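Student: Structure, please.
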Amino acid sequence: MPYSADIVIIGAGLGGVAAARAAVTLGRTVILTDAGDWLGGQMTTQAVPPDEHPWIESDFVSASYAQLRTRIREHYRRHYPLTDRARADERLNPGAGFVSALCHEPRVSATVLAEMLAPEVADGRLTLLLEHEPVAAERVGDRVRSVTLCDRGTGERHRVEGQMVLDATELGDLLELADIPHVIGAESRAQTGELHAPERADRYDQQAITWCAAVEYRAGEDHVIEKPTDYAYWRDTVDPRWPGSQLSWTDVHPITLEDRYRPLFEGSPEQAVHSEHRDLWHYRRILAARQLQSSYTGGDISLVNWPHTDYWELPLLGVSEETRQEALRSARELTLSFVYWMQTEAPRPDGGRGYPGLKLRGDVLGTSDGLAREPYIRESRRIKALFTVTEAHIGCQMRGEGAGSEVFEDTVGIGFYRIDLHPSTSGRTYVDIASFPFQIPLGALIPAQAENLLAANKNIGTTHITNGAYRLHPVEWSIGEAAGAVAAYSLNAGLTPAEVRQDPAELRAFQEVLSDRLGVPLAWPEHIRRTGRPDAAGPVLQKQMSSAGARNLPR
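Tutor: Below is the predicted model of the structure:
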């Protein structure tokens, strides 16, 4: 017997979780599946602290995403020996890292996300099928009838059926399995009209992946790992896009493309505990010892997701399984090689070499080897949608000073991030340009040739260029929330999502459900939309929210 529910969601990253909560809230039963056994995707299994916009602590964020952030902080207050000062801080940043106002351990957000879904799982409205990987999909005409999952523990296969199916996977797996028309890699400038698109389309122009790691510094101890198999290769290989070996403290500024030197610690590791240096250690520090009482005997823990660990030699999409597996293996080897280099050969400010006290902390990532459960995915297959967001809709340079982003009549959420593309598997270097605060159009979630399938992750109707702005944590959450909500609303109304979008009265009614019942903001205030600045003062094309200075490294 197959599993069945009103709505089937394949992929339990941030988009999948948000979609499930929205659909259940609107009265529908849901099956939520994932190939792994943690919820949360880029925030948990991929181990990336949330990259968020400057207004994330304001009303310009989904109520459910704000709840997630609040519950993460409350977890630390309930279970960690925080100092009185840290405990009283309404905007507690557990890691005191500067990439985010909420740098924290992935195991904490994984726990919180599971708790957030627990009531719906308990009463049967939500069925979780974790460690179930999608391996096939049945499509009849414009409808996806079922998805076949493989239980990764037993090898058994199970069919899941739903009236609506959402693809919330990290790489848009259902688009390939169900033969939904989609795009891989970069479109050409002729195809999209985008200023920063390449002259020729290139399906292998895919952003680098990163296999993140967590490291703690323990002074006077030796935690040097076994020398990685590919260490000599990564130490000696020089890419023309990079100033020497990736195993160094020198990288490339993503905006200016100039070389820059950035050490692990600007001073000694011992000084780093209390300093506010903008070095690599503080960038994504996920647990700060200074936030904890003296009963805590450990040290700072930092998350290694730095330019040096971006893997760009082989793509994951549009290649053979053998090539894909080699890309995953090599990405892991690059990160392990960088860790080993930091432990043994990295130059220190005192003239010495290496930090043997760096200890891999896989326990905070849910692994035994110190690396994240999955690689950080920046780019997915993307649907050929009813509407595609291009650089002309959000890019500052293309739209012009003070123009603001395009206003979408079918808005289902908001977001803000620079158009940020890492070096790619085609040989392209960084593309990092300013954008205006933007909206998420419903048309970008709906495939042009599928009646009951919706995109609920990075697989929406963006281009290779605009994916760089729509791929971050709160935007993915809002995409998933909108997809789950429109799936439920459509079933309740007896319509398809495309019909909801096409009917002005139904569209307005659905938007009222989003804003009034789910607490989803649908538009930015005009002065923010037009400038990207909270005070509406000064040109947006200078430094978008000072991000070129505050954001010292790419994400």
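Student: rest of the way, CA atoms for contacts and neighbours
Tutor: Noted.
Student: what's near enough to touch residue 454?
Tutor: Going by CA atoms under 8 Å, 6 or more residues apart in numbering, residue 454 touches 164-167, 445-447, 483, 487.
Student: same thing but 6 Å
Tutor: 166, 445-446 (CA atoms under 6 Å, 6 or more residues apart in numbering).
Student: out of the residues you listed, who's nearest residue 250?
Tutor: residue 445 (39.5 Å; CA to CA).
Student: Am I right that that closest one is in contact with residue 459?
Tutor: No. Residue 445 is beyond contact range of residue 459, at 8.3 Å (criterion: CA atoms under 6 Å).
Student: Enumerate the beta-bridge partners assigned to residue 166.
Tutor: On the basis of DSSP bridges, residue 166 is bridged to residue 9, residue 454.
Student: and the nearest residue to residue 327 once chain neighbours are set aside, how many neighbours does it have?
Tutor: Distances taken as CA to CA, 6 or more residues apart in numbering put residue 314 closest to residue 327, at 5.4 Å, once the chain neighbours are dropped. Neighbour count for residue 314, taken as other CA atoms under 10 Å: 23.
Student: Residue 314 in helix, strand or coil?
Tutor: coil (DSSP: H, G, I helix; E, B strand; the rest coil).
Student: how close does it get to residue 244?
Tutor: Between residue 314 and residue 244 the computed distance is 19 Å (CA to CA, to the nearest Å).
Student: what's the answer for residue 201, then?
Tutor: Applying CA to CA, the value for residue 201 to residue 244 is 29 Å.
Student: Likewise for residue 442?
Tutor: Residue 442 is 44 Å from residue 244, by CA to CA.
Student: So which of these two has more stuff around it?
Tutor: residue 442 (27 against 15).
Student: quick one: that one and residue 410 touch, right?
Tutor: Yes. Counting by CA under 6 Å, residue 442 touches residue 410, with 5.5 Å between them.
Student: ok, the residue nearest to residue 327 to residue 423 distance?
Tutor: Taking CA to CA, one finds residue 314 at 12 Å from residue 423.
Student: Any stretches of the stretch 1-150 of the chain with poor pLDDT?
Tutor: 1 (pLDDT under 70).
Student: Would you map out the domains in the chain?
Tutor: 3-187+378-550, 209-364 (automatic domain parsing).
Student: centre of the chain versus the first one, how much separation?
Tutor: Yep, that's domain 3-187+378-550 we're talking about. Mean C-alpha position of domain 3-187+378-550 versus that of the full chain (CA atoms, centre = their mean, to the nearest Å) differs by 9 Å.
Student: likewise the last one?
Tutor: Distance of domain 209-364 from the chain centroid (CA atoms, centre = their mean) equals 19 Å.
Student: picking that back up, by neighbour count, which of the contacts of residue 454 wins?
Tutor: Most neighbours among the contacts of residue 454, by other CA under 10 Å: residue 445, with 34 neighbours.
Student: quick revisit: of the domains of the chain, which is nearest residue 370?
Tutor: domain 209-364 (3.4 Å).
Student: Show the end-to-end separation of that closest one, please.
Tutor: 21 Å.
Student: Closest one of the contacts of residue 454 to residue 181?
Tutor: Proximity to residue 181 was ranked across these by CA to CA; first place goes to residue 446, at 11.5 Å.
Student: now the helices for the stretch 451-555 of the chain?
Tutor: 467-470, 473-493, 497-502, 504-512, 526-531, 547-550 (DSSP state H, counting those that start in this stretch).
Student: With mean neighbour count, mean pLDDT and distance to residue 63 as extra columns, can I get those helices in TSV?
Tutor: Converted to TSV, the helices of the stretch 451-555 of the chain look like this (neighbours: other CA atoms under 10 Å; pLDDT from 0 to 100; distance: least, CA to CA, whole Å):
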stretch	mean neighbour count	mean pLDDT	distance to residue 63
helix 467-470	26	98	19
helix 473-493	26	98	10
helix 497-502	20	98	23
helix 504-512	17	98	14
helix 526-531	20	95	20
helix 547-550	15	36	25
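Student: Dump these to TSV, plus distance to residue 177.
Tutor: Listed next are the helices of the stretch 451-555 of the chain as TSV, based on distance: least, CA to CA, whole Å:
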stretch	distance to residue 177
helix 467-470	22
helix 473-493	20
helix 497-502	21
helix 504-512	30
helix 526-531	38
helix 547-550	39
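Student: between these, which gets nearest to residue 299?
Tutor: Proximity to residue 299 (CA to CA) singles out helix 547-550 among these, at 25.4 Å.
Student: quick one on the thing from earlier: so the residue nearest to residue 327 sits against residue 328, correct?
Tutor: No. Counting by CA under 6 Å, residue 314 sits too far from residue 328 to count as a contact (8.9 Å).
Student: Next, the contact list for residue 211, please.
Tutor: 331-332, 375-376 are the contacts of residue 211 under CA under 6 Å, 6+ apart.
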